[in-house]
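J.: Below is the sequence, then the predicted model.
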Amino acid sequence: MSRENMQTFFRLSMFGLVLFWFGTTVVSCTDIQVVTVATHANDGLRRYMKSAQKYGFDVKVLGFGQKWDGGDMEKGIGGGHKINLMKEGIEEFAGREDLLLMFTDSYDVVFTNTDEELMKKFKKFDARVVFSAEGFCWPRHEYAARYPEVKAQESRFLNSGGFIGYAKDIVEIVNHKVIGNQDDDQLYYTEIFLDKTLREKWNIKLDTKSEIFQNLHGVLGGREIRPSGNVDLKFVGSRSYLYNSKTGTTPIVIHGNGPIKVEFNRIANYLGDGWTQSMGCQSCGQDFIILRDVKPDDFPTVLIALMIEQPTPFLNEFLGHIRDQIYPKQKIDLFVHNKVKLHDKTVSDFLENVKDEYHSINHLRADDQVTEVQARNWALEECAKRKCQYFFNVDSTSQLRHHGGLHILIETNRTVLAPMLTRPYKLWSNWWGNLNKNGFYARSDDYMDIVQNTKMGLWNVPFITGTYLVHGSLVPSLLGAYTHPDLDPDMAFCKVIREKETFMFVSNMFMYGHQTDPDNYETTHKHNDLFEIFNNPWDWELKYINENYSISLDPNYTLPEPCPDVFWFPIVTDDFCDQLISEMENHGGWSGGRNSHKDDRLATGYENVPTVDIHMNQIGFERHWLHFLKIYVSKLQQRAYEGYFHDPPHAIMNFVVRYRPEEQPFLRPHHDSSTFTINVALNTPNVDFEGGGCRFIRYNCSVQSTKKGWMLMHPGRLTHYHEGLHTTKGTRYIMVSFIDP
Ligand SMILES: *[C@@H]1O[C@H](CO)[C@@H](O)[C@H](O)[C@H]1NC(C)=O
Ligand SMILES: *[C@@H]1O[C@H](CO)[C@@H](O)[C@H](O)[C@H]1NC(C)=O
Ligand SMILES: *[C@@H]1O[C@H](CO)[C@@H](O)[C@H](O)[C@H]1NC(C)=O
Ligand SMILES: *[C@@H]1O[C@H](CO)[C@@H](O)[C@H](O)[C@H]1NC(C)=O
């Protein structure tokens, strides 16, 4: 063996020795066995077991699969069943001096530190048994005076949701007396504790400072919820923990007892390093299913419920994003409820186009007169009937722009999971962080951080709406869940899920898309979306602003200049052009053009160089158009004519002009009453018309190869005397604004 190898060998064996020594210490020291009672599995139990596993606790679950006989613990006394299950379940540990038994509840408990830390803390008590404590004396208030005094900042009364002690003593305690399943377990332990002889016999102490156990009822803090609370989350680097500021302790076993389930679920998102400042969410990727290598035929079946319950802007886009989800369509059953007559054609056309691609389509139309609640319940029933593996509800306000969205949601593997969808530029979202006493919206401390993606992860929340994926195994138990005498269907639905102790998660691990705002949607136009620039500016921009718009804003980009001081920009989409023309033709009130200088639409009643046109205000688009000038055009103007800028741009003459050989084919040379003029081509030369264009006389320069959706910008007066060239065939449309007259 070479010298180097020797050294390595030596180091390795030293390492082994240390491990060996360390190992034996642990073995010779006392062990901790955790026991809990859980008759059925739910997300609460899974959360508990995960945290136990993370911190090295060995858990024995008692009563699993048995019928719970201990009463409704939420509503009042009970829980004797727990003690009776313990009597039997911990018998095997009887008499063991080397073993610590720790009992905890499970559905509302998480561990936040290791068994070694817990051991250290327990030893400091110098007790045989330690019970958790809280500030409420329950179930017998009158026992309060019999409790030993404690300092003001400590908790005085016994809580039976957590205790730890030597196995020998715990076994003796649970076997001390007979108790009925329906009797109260807390009362049982309380009476033992308050009996001085017994207390001393087993050397029982209460964890009044929350060294080990923290019962949260009445003490949980939070900026917005309970500013008076003294227990709150703390973060240090990659660690998260709960800190009791009154006693200065960092308890290990956290118990969300009492009516704070929702808040407990919230803080449990963070506990056990679930989310930390430096690492973000480390547990979010756990349990992922990978679909990448799954053959299309083997994908899980999904029933997608498309719910169109109100007139909805950008419905075509909504449907397009559903169609574009990357998922084998043969594995998808579509259930569509369109309650809105206005959308009948859009929806029918869409379904007609895709009907052969999906496994099945179920279409309820406006004329079917099905209510929202009925339709939603039917969708669930349909899913159950088909034994669907997933139920994916998508309300029409959800724009699932991430086309891998459904795929990722399934891979995330949570029983109920909503992709976070917010309204752009707003704090409105499809989930609530907390509930008030009446079960309605309350903001949580972390709502803003999550909505704004400062914190990203998977969040257990009390309410989700709009778009959510439900695992098929849960669906049969949700039938009828949307029905409730007082609550909205989505609130009723979430209430049922909460009562099943199933967690609802919202995910902002990915950008799934956003929500449109259907309020104030004007449905009186031919193309209603065109008028949504105020209500849904983000969607409007996506649909109507040319994808190359922002190229012109780059200071290094040389603007096309077809004639001196005449600039050219891509600005709107084909959709915009087509719909604006269509709105104008639908309105039909074209002015007389060259045959009439009289124009009642103008303050002067006289137009000097009349065209065949319709003004924006005639179709109710003036306000929208001025906003468009302010948001989109003025930025381009600053690029074209540096140093000139009026905010907002002023414009009274905004109109669409129609040139036709048989109507008005050209416009004689003129100045515009503007500082600068914009002129957007709404259709295509040599396709929709022949001839046409604009000639700047001073420069003898014409722009004829105009491009649909592109805008010309030129000075209005003095230098840019111009004319509209002959349109020789077809119809040419342009959109014109005289800016800053
Ligand atoms: C999905 O998550 C559950 C726990 O919630 C886990 O038991 C299961 O194994 C996961 N499925 C896969 C395929 O990983
Ligand atoms: C935007 O520019 C790219 C690259 O020049 C081009 O391929 C694309 O067609 C343009 N889009 C539109 C709508 O003109
Ligand atoms: C413009 O070009 C210059 C020189 O090439 C470069 O340093 C600068 O970053 C560019 N600016 C932008 C906005 O691209
Ligand atoms: C203007 O330009 C056209 C062709 O570009 C040319 O035929 C014509 O002679 C020019 N007119 C004047 C006045 O320069």
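T.: The structure has been received and is ready for your questions. Residues are numbered from 1 along each chain as shown. Ligands and ions are numbered 1, 2, ... in the order given.
J.: Only C-alpha atoms from now on, for both contacts and neighbour counts.
T.: Fine.
J.: Who are the contact partners of the spatially most central residue of the chain?
T.: Nearest to the geometric centre of the chain sits residue 420, at 1.6 Å (C-alpha atoms, centre = their mean). With contact taken as C-alpha atoms under 8 Å, 6 or more residues apart in numbering, residue 420 is in contact with 429, 430, 431, 451, 506, 507, 508, 511, 512, 513, 514.
J.: Next, residue 522: phi, psi?
T.: phi -80, psi 130 (degrees, to the nearest 10).
J.: tell me the contacts of it?
T.: Taking C-alpha under 8 Å, 6+ apart as the test, what residue 522 contacts is 528, 531.
J.: What distance do you get for it to residue 339?
T.: 17 Å (C-alpha to C-alpha, to the nearest Å).
J.: swap in residue 36?
T.: 50 Å.
J.: Near ligand 2, which residues of the protein are found?
T.: 546, 547, 548 (C-alpha under 6 Å from any ligand atom).
J.: can you put those residues in CSV and add secondary structure?
T.: Output for the residues of the chain next to ligand 2, formatted as CSV (DSSP: H, G, I helix; E, B strand; the rest coil):
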residue, secondary structure
546, coil
547, coil
548, coil
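J.: hmm, which of the residues you listed are the buried ones?
T.: residue 546 (16 or more other C-alpha atoms under 10 Å).
J.: I'd like to know which of the residues of the chain next to ligand 2 is nearest to ligand 3.
T.: residue 548 (15.5 Å; C-alpha to the nearest ligand atom).
J.: Wait, that closest one touches residue 570, no?
T.: Yes. Contact criterion C-alpha atoms under 8 Å: residue 548 and residue 570 qualify, at 6.2 Å.
J.: Not counting residues beside it along the chain, what's closest to residue 623?
T.: residue 617 (7.9 Å; C-alpha to C-alpha, 6 or more residues apart in numbering).
J.: Just say helix, strand or coil for that neighbour.
T.: helix.
J.: Now residue 635, what are its backbone angles?
T.: Per degrees, to the nearest 10, the backbone of residue 635 is at phi -60, psi -40.
J.: The nearest residue to it once chain neighbours are set aside: neighbouring residues, count only.
T.: Of all residues not flanking residue 635 in the chain, residue 553 sits nearest, at 7.4 Å (C-alpha to C-alpha, 6+ apart). For residue 553, the count of nearby residues is 18 (other C-alpha atoms under 10 Å).
J.: Could you pull out the strands in the stretch 51-200 of the chain for me?
T.: Assigned by DSSP state E, counting those that start in this stretch, the strands in the stretch 51-200 of the chain fall at 58-62, 99-104, 109-111, 129-134, 157-166.
J.: Near ligand 3, which residues of the stretch 551-700 of the chain are found?
T.: 554, 555, 556.
J.: Weed out the non-buried ones from those.
T.: Counted by 16+ other C-alpha under 10 Å, those give no buried residue.
J.: any chance of the residues you listed in a markdown table, plus secondary structure and pLDDT?
T.: Below are these laid out as a markdown table (DSSP: H, G, I helix; E, B strand; the rest coil; pLDDT from 0 to 100):
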| residue | secondary structure | pLDDT |
| --- | --- | --- |
| 554 | coil | 94 |
| 555 | coil | 92 |
| 556 | coil | 93 |
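J.: Tell me which helix or strand comes right after the lowest-mean-pLDDT helix or strand in the chain.
T.: Lowest on mean pLDDT, DSSP states H and E among the helices and strands of the chain sits helix 3-28, with a mean of 38. Using DSSP states H and E, the helix or strand that follows helix 3-28 towards the C-terminus is strand 31-37.
J.: Provide the count of other residues in contact range of whichever residue of the stretch 151-300 of the chain sits closest to ligand 2.
T.: In the stretch 151-300 of the chain, the residue found nearest to ligand 2 is residue 292; the distance is 31.1 Å by C-alpha to the nearest ligand atom. For residue 292, the number of neighbouring residues by other C-alpha under 10 Å comes to 9.
J.: and the closest residue to residue 720 other than its chain neighbours, what pLDDT?
T.: The shortest distance from residue 720 to any non-neighbouring residue, by C-alpha to C-alpha, 6+ apart, is to residue 696 (5.9 Å). On the pLDDT scale, residue 696 is placed at 93.
J.: related to what we said a few turns ago, would you mind measuring from the residue nearest to the centre of the chain to ligand 1?
T.: 20 Å (C-alpha to the nearest ligand atom, to the nearest Å).
J.: And for residue 218?
T.: 30 Å.
J.: Report the secondary structure state of that residue.
T.: coil.
J.: show me what contacts it?
T.: Contacts of residue 218 (C-alpha under 8 Å, 6+ apart): 135, 229.
J.: List the backbone torsions phi and psi for the residue in the stretch 351-500 of the chain that ligand 3 sits nearest to.
T.: Closest to ligand 3 within the stretch 351-500 of the chain is residue 425: 25.1 Å, counting by C-alpha to the nearest ligand atom. Here is the backbone geometry of residue 425 (degrees, to the nearest 10): phi 70, psi 10.
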